[in-house]
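Participant: Fold the following, please.
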Amino acid sequence: MAARPWRSLAADAPWWRRWPGVLLAACIGLALLVFGVRVLVVDRLWPETRVQALLDDAAQAIAEGRLDAGDGSGARQLFEAAQALDPDDVRPRAGLSQVADAALVQARAAVEARRFDTARRALKLAQDLSAPRDAIEALDARLRALEAGGTAPEVLLRRAQAAQAQGWLDAGPDAALPLYARVLAIEPGNGDALRGRDESLAALLERARARLRDGDLSGAAALVATVRNYDPGHVDLPDTQARLTEELDALRRRAATHLADGRIERAVAEWRILLAFDAEDATAQRGLLDAGAAYAQRAERYARDFNFADADAQLREAQALAPDSEAVRAAALRIERSRAVHADRGTQLPPQERRRRVATLLQQAAAAQARGDLMSPPGDSAYDHVRAARLLAPDDPAVTRASARLLPGARQCFDAGLRANNLARAHACLDARVALGEGEPAARDARRRLAQRWLAIGDERLGAGNLAGAQAALSAARRIDPGVPGHAEFAQRLRTASLNSG
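Facilitator: Residues are numbered from 1 along each chain as shown. Model prediction:
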């Protein structure tokens, strides 16, 4: 039998042998179909549809007055998106010109309505989109004039020159420098105003140098700050600042010397001058803490001699300067122990002598209360006299009644300390409340309030990047009330901040 051709054999093969070829042909056909749709439909029709949608949204945004928006919904952003999709399309460029014109309209309306911030933003948008320069400059001049109070610059200039001639440079809105500033806000290139301002600033710097020669560092620093505010690039400013810096360095050295020699009050006064010039002066801040520790040491020396009036006075100075200091806190505890030792010696007196001494203390307390000296002066306040009497005779009914009369004043003192954010004062008044027999529920509530205030102070310090101060505030809060709500969460935030800073 003759052999059959190969093609004939394939054609006559069963269907299950022919399916791979059929599947291959179907895949090729599907790929061609997808490619055609991609080329003919997506590439050609989709961009056009998307651009048109953006143009429609942009036109709607113009109609609604949404010309510029950071979230992309402003007319400017929509036209720019359409332009990015099809750079050859002229419609987005025309739309941006419409936005520029609309921005001028908005700016003009805002100027007349005295909404100056809005006007400035609209003018900036018009300028960014290349609105006509003459229209922008005319509207900008109108805006500056209105911001200056509507007075013509020529009038302001004459008033500034007259104030300068009288030496009235910077003390109120009608002084020379504020008036020159108004002129320059309208006409930044006004030569007469620029010369007048420079001459006035030079005169202020001369006054600053005179105050430096007289030792008035605070006054000199204030004048230098004024000049820097008007013109940080003034030609005479660097020399005066250098001289001020030299004086401030000398003041820091003098303060340190005073503290080392035991003249704490003079050192504190000089560090306060430094802080008045720069509240972030680290040397002065550290100096006040050192002064607080020195006051605490002095208070302990007085307490060892049982001179508790002077000990209390020095301790309160220490607490005012360094309320977070562990050294000051420890000194307060040691002074209380000295007071207790002294009281124990008093209880060993003959009963008649002890009664006489208690009666004298209560009379002194009543006299101080009548004068209004409830919590101060240290050592001679009503509280100090009653506290001494309680140490001598804690169960005496007369002492108990005297304590009850003083409790309301101690509570008011505590509340006033919290309101003034004087937490050292509030803490001292809380101690007084406890010493005068304050009940535990009220004392516990007061401790909680004081500890929460310390946490708030710590939060402010943490926000300012003062990690050491925040830690000290947290420690103070925990000492006052170990269970104060929020202390664990704040401690975790502080640990995180400390790790990040490292």
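
Participant: Need the pLDDT of residue 444.
Facilitator: Looking at residue 444, its pLDDT is 90.

Participant: Then residue 450?
Facilitator: pLDDT for residue 450: 91.

Participant: repeat for the one 3 residues further on
Facilitator: Reported pLDDT at residue 453 in the predicted model: 91.

Participant: Would you agree it is in contact with residue 425?
Facilitator: No. Using C-beta atoms under 8 Å as the test, residue 453 is too far from residue 425 to be in contact (11.9 Å). No exception for glycine: its C-beta is placed from N, CA and C like everyone else's.

Participant: could you point out which element follows the host helix or strand of residue 104?
Facilitator: Following DSSP states H and E, one finds residue 104 within helix 90-112. Once the chain leaves helix 90-112, the next helix or strand it forms, by DSSP H and E, is helix 116-128.

Participant: for the record, mean pLDDT for that next one?
Facilitator: 85.

Participant: So what touches whichever helix or strand comes after that helix?
Facilitator: Proceeding C-terminally, helix 116-128 gives way to helix 133-147 as the next helix or strand, assigned by DSSP H and E. Helix 133-147 is contacted from outside by 104, 107-108, 111, 114, 116, 119-120, 123, 126-127, 152-153, 185-187, using C-beta atoms under 8 Å, 6 or more residues apart in numbering.

Participant: what about the helix holding residue 104, distance to the chain center?
Facilitator: 39 Å (C-alpha atoms, centre = their mean, to the nearest Å).

Participant: Need the contact partners of that helix.
Facilitator: Contact with helix 90-112 is made by 51, 54-55, 58-59, 62, 65, 67-68, 75-76, 79-80, 82-83, 86, 116, 118-119, 122-123, 125-126, 129-131, 135-136, 139, 142-143, 146, as judged by C-beta under 8 Å, 6+ apart.

Participant: Which members of these are classed as buried?
Facilitator: If you count burial by 16 or more other C-beta atoms under 10 Å, the buried members of the contacts of helix 90-112 come out as 51, 54-55, 58, 62, 67-68, 75-76, 79-80, 82-83, 119, 122-123, 125-126, 129, 131, 135-136, 139, 142-143.

Participant: Tell me where the protein is predicted with low confidence.
Facilitator: Flagging of the chain using pLDDT under 70 yields the residue ranges 1-48, 145, 147-152, 277, 304-306, 340-349, 376-379, 500-502.

Participant: on that earlier part again, most neighbours of all the contacts of helix 133-147, which one?
Facilitator: residue 107 (28 neighbours; other C-beta atoms under 10 Å).

Participant: Could you check how far the closest residue to residue 330 other than its chain neighbours is from residue 331?
Facilitator: What sits nearest to residue 330 in space, not counting adjacent residues and going by C-beta to C-beta, 6 or more residues apart in numbering, is residue 296, at 8.0 Å. Using C-beta to C-beta, to the nearest Å, residue 296 is found at 4 Å from residue 331.

Participant: And residue 467, by the same measure?
Facilitator: As judged by C-beta to C-beta, residue 467 and residue 331 stand 25 Å apart.

Participant: ditto for residue 307
Facilitator: From residue 307 to residue 331 the distance is 15 Å (C-beta to C-beta).

Participant: Settle it for me: which of these two has more neighbours?
Facilitator: Taking other C-beta under 10 Å, residue 307 and residue 331 do not tie; residue 331 has more neighbours (25 against 16).

Participant: Could you list which residues are in contact with the more buried one?
Facilitator: Residue 331 touches 296-297, 299-300, 315, 318, counting by C-beta under 8 Å, 6+ apart.
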